[in-house]
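In: the following block contains a protein sequence and its predicted model.
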Amino acid sequence: MRLVVSGGGTGGHIFPAIAVAEEFKRRLPDSEVLFIGSRDGMEADIVPAAGIPFQGVTARKLRKVLSPDTALVALSLGRGCLEARRFLRAFKADVILGTGGYVAAAAVIAGSSMRIRSAILAPDMVPGRTNLLLSRFVDRICITFDKSESYFPTAKTVITGMPLRMGVSLPLEVTAMEARRRFTGLRPDAFTLLVLGGSQGARAINQVVCDAAPALVGTGVQILHQTGARNYDEIRAAHADLVTRGGYCPIPFLRADEMAAALRAADLVVCRGGISTLAEVTYNRLPAIVVPLPTAYADHQTFNAQALESSGACILKRQGDLNAEVLTRDISELRANPPKLRELAAAAAKSSRPNAARDVCTILDQLANRV
């Protein structure tokens, strides 16, 4: 069986596609997988490094407002579709999975024109423009939240959750203390705050955390901070003294193995509301303060966080209400309240769908076999 996965632009589109590809190969060792992504996107480096064959096509992001650039996006999509058709034909694809980004639109629309069956991941509470468009062309739509079903044809929609890579969690026998030892500057026995701004970092969160870091470290909290590559040098230089003394560990980007260790090391997480990050946090049963990106399309990160907050699985903090004083206070209060941390962690575990990759692969298998 031959599966094509397509998505790109952000880690939230790329890593679920890799997760499904890995699970598909695990279930069907004789199967073949091809990843179609943007030739200029971060997936062009990440996917081959994961050992998955990659083909790049033309893709251009649509801006939030109409402009002369909109015509270029349309032209880019048309060109991407033609390129994707060529790759799909050469690969002899049996089924396609789109995981997000305009490159997925090119692959799925091209596949539809060739009568290749397909599915998409639409894991955000409020679907993005690409998934709303593609819902017309695909056979199945995989969602995370039951309320998302109202945006799509009911007969096509299945609740699967967000597929996660097999290595997103360390074996249970690895303790938090052991995981902390993997990061220079972290003490094995200290309360550990993990800050995740997404694969590209989050400037607003970074600024608040940097402002709060001296006070937090002074109270005995240690911070493991994924800054994003473009922010790393500036942040490390600003807190060189804390890095040297220990208690503050900035890191540009956490690779899959490092992310698993970071999540095991954490007592509490501060993160954006991207669904991929939330899925990893809940899968690892962690309490979280979620700060949605206010400029995200249709404010979807806020809706993601609200859905988790309503089940008791996180604390939602709007970016405009967050500053160093507020963050320091909230973290200090949670640290002093272990029952509340346990309550949040238990609700997070309940919200997780650990078999999402398996369930998506079952759907793809059924589509390929015309079930």
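Out: The structure has been received and is ready for your questions. Residues are numbered from 1 along each chain as shown.
In: can you give me the strands for the stretch 1-150 of the chain?
Out: 2-7, 32-38, 54-57, 95-100, 117-122, 140-143 (DSSP state E, counting those that start in this stretch).
In: looking at those, which is buried most?
Out: strand 95-100 (a mean of 30; mean count of other Cβ atoms under 10 Å). Bear in mind the C-beta positions are built from the backbone N, C-alpha and C, glycine included.
In: re earlier: may I see the strands of the stretch 1-150 of the chain organised as TSV, with distance to L254 added?
Out: Output for these, formatted as TSV (distance: least, Cβ to Cβ, whole Å):
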stretch	distance to L254
strand 2-7	20
strand 32-38	21
strand 54-57	22
strand 95-100	20
strand 117-122	22
strand 140-143	26
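In: I'd like these as TSV, with mean pLDDT appended.
Out: Output for those, formatted as TSV (pLDDT from 0 to 100):
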stretch	mean pLDDT
strand 2-7	98
strand 32-38	97
strand 54-57	96
strand 95-100	97
strand 117-122	98
strand 140-143	98
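In: next, count neighbours for P339.
Out: Residues near P339, counting by other Cβ atoms under 10 Å, number 7.
In: now it: which helix or strand?
Out: helix 338-351 (DSSP states H and E).
In: contacts for the next helix or strand after that helix?
Out: As assigned by DSSP H and E, the chain's next helix or strand after helix 338-351 is helix 356-368. Residues from elsewhere that reach helix 356-368 (Cβ atoms under 8 Å, 6 or more residues apart in numbering): 1, 3, 19-20, 22-24, 27-28, 94-95, 97, 117-119, 121, 139-140, 142, 158, 160-166, 279, 353, 371.
In: just want the angle from helix 356-368 to strand 117-122.
Out: If you take axes from the mean of the first three to the mean of the last three Cα atoms, to 10 degrees, helix 356-368 sits at 150 degrees to strand 117-122.
In: whichever of the contacts of helix 356-368 end up buried, select them in PyMOL.
Out: Here is the PyMOL command that selects only those of the contacts of helix 356-368 that count as buried (16 or more other Cβ atoms under 10 Å):
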select buried, resi 1+3+19+20+22+23+24+28+94+95+97+117+118+119+121+139+140+142+160+161+162+163+164+165+279+353
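In: roughly how far does the nearest residue to A213 once chain neighbours are set aside sit from A288?
Out: Excluding the flanking residues, the one nearest A213 by Cβ to Cβ, 6 or more residues apart in numbering is Y248, at 5.5 Å. Y248 is 20 Å from A288, where distance means Cβ to Cβ, to the nearest Å.
In: does L186 touch Q222 like I think?
Out: Yes. The pair L186 / Q222 is scored as a contact, 5.6 Å apart, by Cβ atoms under 8 Å.
In: which neighbours do the two have in common?
Out: 192, 246, 249.
In: so which of those residues comes closest to V217?
Out: G246 (8.6 Å; Cβ to Cβ).
In: how many residues are close by that closest one?
Out: If we define neighbours as other Cβ under 10 Å, then G246 has 14 of them.
In: can you tell me the SS state at the residue lying closest to it once chain neighbours are set aside?
Out: With Cβ to Cβ, 6+ apart as the criterion, G246 has its nearest non-adjacent residue at 4.7 Å, and that residue is G185. Recorded secondary structure, G185: coil (DSSP: H, G, I helix; E, B strand; the rest coil).
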